[in-house]
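> Need coordinates for the below:
(2 chains)
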2 protein chains.
Amino acid sequence: MPEGSTPNGSNHVAADALKGLVERIERLEEEKKALADDIREVYGEAKASGFDVKILRKVIALRRMASHDRREQEELLEVYMAALGMQ
Amino acid sequence: MPEGSTPNGSNHVAADALKGLVERIERLEEEKKALADDIREVYGEAKASGFDVKILRKVIALRRMASHDRREQEELLEVYMAALGMQ
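Next comes the predicted model:
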């Protein structure tokens, strides 16, 4: 950030804060990318073992939906129970 | 997997392998989601500090493009140098 080298004090502080934020985001993005690569590798392994990757992705999406629906139902159940003074 | 409980041996092995793959993918997906949440949090922090999140996203995208272009140029330079026997 060019502002960092100017004598303007308030810009200097903002530049340092900005640099810190950008570095944190970029490091996290890198870690996220590494995980995405790992996931791709596991799918590659699955394919090499003879599994159909398209169906595997489908089954994982269905499991995620099922788990999401279950959580939603549990939350709704709690809300209803709380409304009825059952908690 | 229902196949896992059938007496069919080969299906049983596939079910175990499949279960292992699905569990690995789901664990990695969870870690990836946690990182995405962390990134969102840093953007939230940036916003709370008065930075414009849209511009921050833009600057990070530009930095990624610049780093990608630089890497691409370095690779191409190596290819040309190798072709000219400079390596």
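> tell me what the helix or strand hosting A:Leu35 is packed against?
Remark: A:Leu35 resides in helix A:9-48, with elements defined by DSSP states H and E. Helices and strands touching helix A:9-48, by 3 or more C-beta pairs under 8 Å, 6 or more residues apart in numbering or on different chains; DSSP states H and E, are helix A:53-83, helix B:9-48, helix B:53-83. From N, CA and C alone the C-beta is placed, and that goes for glycine too.
> Include mean neighbour count when you put those helices into a markdown table, please.
Shown next, in a markdown table, are the helices and strands packed on helix A:9-48 (neighbours: other C-beta atoms under 10 Å in any protein chain shown):
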| stretch | mean neighbour count |
| --- | --- |
| helix A:53-83 | 11 |
| helix B:9-48 | 15 |
| helix B:53-83 | 11 |
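> out of these, which comes closest to A:Ala36?
Nearest to A:Ala36 among the helices and strands packed on helix A:9-48 is helix B:9-48 (6.5 Å), distances taken as C-beta to C-beta.
> mind listing what the residue nearest to the spatial centre of chain A touches?
Geometric centre of chain A, nearest residue: A:Lys32, 7.8 Å, by C-alpha atoms, centre = their mean. By C-beta atoms under 8 Å, 6 or more residues apart in numbering or on different chains, the contact list for A:Lys32 reads B:32, B:35-36, B:39.
> lowest-confidence stretch among the helices and strands packed on helix A:9-48?
Sorting the helices and strands packed on helix A:9-48 by mean pLDDT places helix B:9-48 lowest, at a mean of 92.
> How is chain A divided into domains?
A:9-51, A:52-87 (automatic domain parsing).
> Tell me which of these lies nearest to B:Val59.
Closest among these, using C-beta to C-beta: domain A:9-51, at 6.9 Å.
> and that closest one, how far from the chain's centre?
10 Å (C-alpha atoms, centre = their mean, to the nearest Å).
> Next: stretch A:48-57.
24 Å.
> Can I get that stretch as PDB, trimmed to CA atoms?
This file holds the C-alpha atoms of stretch A:48-57, laid out as PDB (Å, rounded to 0.1, in the frame of the first residue of the first chain):
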ATOM      1  CA  ALA A  48      -9.700 -45.100  -9.500                       C
ATOM      2  CA  SER A  49     -11.500 -47.600  -7.200                       C
ATOM      3  CA  GLY A  50     -14.300 -47.900  -9.700                       C
ATOM      4  CA  PHE A  51     -16.900 -45.600  -8.100                       C
ATOM      5  CA  ASP A  52     -19.000 -43.300 -10.300                       C
ATOM      6  CA  VAL A  53     -18.000 -39.800  -9.200                       C
ATOM      7  CA  LYS A  54     -21.300 -38.200 -10.400                       C
ATOM      8  CA  ILE A  55     -23.300 -40.600  -8.200                       C
ATOM      9  CA  LEU A  56     -20.900 -40.100  -5.300                       C
ATOM     10  CA  ARG A  57     -21.400 -36.300  -5.500                       C
END
